[in-house]
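[1] here is a sequence with its predicted model. Questions after.
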Amino acid sequence: MANLPKPPRERTARALCAHHGLPPDVTFEGRAMWLSYLPQVDAVLRTALRDEDWAVMVEAELG
């Protein structure tokens, strides 16, 4: 089975981890470090995207 591309929110959160010199998969507060960056990612993407585009992106992640 081929690896599926990571969703945009996860890719962005991982990029922020890398930008801050942090390994994205290290455990932080009981979960992967990149997850702690999702509030910042969401704030930026909600501002950058139209409401409809945001909704489509989030729904696509939920499957």
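    In hand now; what should we look at?
[2] low-confidence stretches in the protein?
    Scanning the chain for pLDDT under 70 picks out 1.
[3] helices of that one, start to end?
    Using DSSP state H, the helices found in the chain span residues 8-19, 38-48, 51-62.
[4] what comes up buried for the shortest one?
    It stands for helix 38-48. Val41, Leu45 (16 or more other Cβ atoms under 10 Å). Backbone N, C-alpha and C define where each C-beta goes, glycine included.
[5] excluding its backbone neighbours, what's nearest Lys6?
    Arg14 (7.3 Å; Cβ to Cβ, 6 or more residues apart in numbering).
[6] tell me, how many neighbours does that neighbour end up with?
    Residues lying near Arg14 (other Cβ atoms under 10 Å) number 20.
[7] am I right that it is in contact with Pro8?
    No. The criterion here is Cβ atoms under 8 Å, and Arg14 misses it with Pro8 at 10.8 Å.
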